[in-house]
Every structure is written in C-alpha cells, then in structure tokens.
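Enquirer: Quick check, what structure comes out for this input:
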Amino acid sequence: MPKVTFKNTGASAEVADGKMLKEVTKENNWSVAYGCEDGMCGTCMVKVVEGQANVSPMEDKERETITVMGMDASVYRLCCQCKINGDCTIEQ
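Expert: Prediction:
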C-alpha cells in the first residue's frame, strides 16, 4: 500500500492505490482547506516534495488553475484532483 506523508506535521497514512489525495487529507484531519473541490479554486493546492512520479498525471483543468495562480505545475497539485499511486510526501 502506498504511504502518504504530510510534511507539515510528520504524520503519515497508508492508503489504497488510486485513492484521491482529498480523501486522505480529510480522513486524517490534515489541515488542507477545500473550496470548490472541482479543481477550479486552487484552495487545496499542496506541494509534492517527494514522489511526484507516484501521483496521477495532471489534467488540463488542474494545470490551468495552478498556472493561473503562478505556481510550478511540476511540483504543485490540487488535492481534489490528484490520485495516489505510490509513496509521496506533501506539504501545504
């Protein structure tokens, strides 16, 4: 099972392969805010500090939101759009 670590607190959780990052943060009470939950507002943006290759490929809507916000789409992701495919560490 993949392991997701929340760098802000050091907490981690083992999750099912393909689980939405949004579900992981909510189930573990990690302090990530959510707005629209549709990839448009950018509220749930986190930095993937380790394991970028272990999250789902980014789709156009997510890339556009991150780019409009002036962030680097190669390391930032929206929790509401991202699936876990292997070990990774995120940071808010």
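Enquirer: how about the CA coordinates for stretch 19-31, as CSV?
Expert: Output in CSV follows, covering the C-alpha atoms of stretch 19-31 (Å, rounded to 0.1, in the frame of the first residue of the first chain):
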residue,chain,number,x,y,z
LYS,A,19,-7.1,6.8,-3.6
MET,A,20,-7.9,10.5,-4.1
LEU,A,21,-5.5,12.8,-2.1
LYS,A,22,-8.5,14.8,-1.0
GLU,A,23,-9.9,11.7,0.8
VAL,A,24,-6.5,11.0,2.5
THR,A,25,-6.2,14.6,3.9
LYS,A,26,-9.8,14.6,5.1
GLU,A,27,-9.7,11.2,6.7
ASN,A,28,-6.6,12.1,8.6
ASN,A,29,-7.6,15.6,9.6
TRP,A,30,-4.6,17.2,7.9
SER,A,31,-5.0,20.9,7.7
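Enquirer: and the strand of greatest length in the chain, how far out from the chain's middle?
Expert: Secondary structure of the chain per DSSP state E: the longest strand is strand 45-50. In terms of CA atoms, centre = their mean, to the nearest Å, the centre of strand 45-50 is found 6 Å from the chain centre.
Enquirer: tell me the average confidence for the helix or strand hosting residue 67?
Expert: Counting by DSSP states H and E, the element that carries residue 67 is helix 60-68. For helix 60-68, mean pLDDT is 97.
Enquirer: Same question for that helix: list its buried residues.
Expert: Neighbour-count burial for helix 60-68, with 16 or more other CB atoms under 10 Å as criterion, is recorded at 62-63, 65-66. Any C-beta I mention is one placed from the backbone N, CA and C, and that applies to glycine too.
Enquirer: which is the next helix or strand following it?
Expert: For helix 60-68, the following helix or strand on the C-terminal side (DSSP H and E) is strand 76-78.
Enquirer: Parallel or antiparallel, which strands does the helix or strand just after that following strand pair with?
Expert: The helix or strand immediately downstream of strand 76-78 is strand 88-91, counting by DSSP H and E. Paired neighbours of strand 88-91 in the sheet (DSSP bridges): strand 3-6 (parallel), strand 45-50 (antiparallel).
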